[in-house]
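**Q** Model the structure of this input:
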Amino acid sequence: MSKVIIIASFKPKEGKEDAVASVLQVMVTNTRIEPGNLVYNLYRDKDGTGFTLFEAYTDQDAVDLHRAADYFKNYRATIIDLLAEPIAVKSLVGVDVVGD
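**A** Residues are numbered from 1 along each chain as shown. Reported below is the predicted structural model:
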């Protein structure tokens, strides 16, 4: 199986940017120590209005383990009320990737 890459984008409600950042930071701390996680990086848009998580996992089993974690379930339940729109998630697998 090849690596799984996930890109998740978040658009906070106005005034909820710091709350979203806090929720996502908990995810960063917990996910980086998961078995099968290769990369879990949080980015903020230059204009400060949104966030993007760039995630890489060894395989789909690692993604499934991540999504089954209690902190993942808590994050999903908590963050929804802080967002102006649904989370935009793309799940990618390599086609022509150097180093995969």
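**Q** and residue 62, how many neighbours?
**A** Residue 62: 20 surrounding residues under other Cβ atoms under 10 Å. In short, each C-beta sits where N, CA and C put it, glycine included.
**Q** Check residue 33 too.
**A** Neighbour tally, residue 33, other Cβ under 10 Å: 8.
**Q** do the same with residue 29
**A** Quick note: residue 29 (other Cβ under 10 Å) scores 11 neighbours.
**Q** CA atoms only: put the longest helix that the chain contains into CSV for me.
**A** If you go by DSSP state H, the chain has its longest helix at helix 17-31. Provided in CSV are the C-alpha atoms of helix 17-31 (Å, rounded to 0.1, in the frame of the first residue of the first chain):
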residue,chain,number,x,y,z
GLU,A,17,-9.8,32.0,14.6
ASP,A,18,-8.0,31.5,17.9
ALA,A,19,-10.5,28.9,19.1
VAL,A,20,-10.0,26.9,15.9
ALA,A,21,-6.2,27.2,16.2
SER,A,22,-6.4,25.8,19.8
VAL,A,23,-8.6,22.9,18.7
LEU,A,24,-6.2,22.1,15.8
GLN,A,25,-3.1,22.4,18.0
VAL,A,26,-4.5,19.6,20.2
MET,A,27,-4.8,17.5,17.1
VAL,A,28,-1.2,18.3,16.1
THR,A,29,0.2,17.3,19.5
ASN,A,30,-1.7,14.0,19.6
THR,A,31,-1.5,13.0,15.9
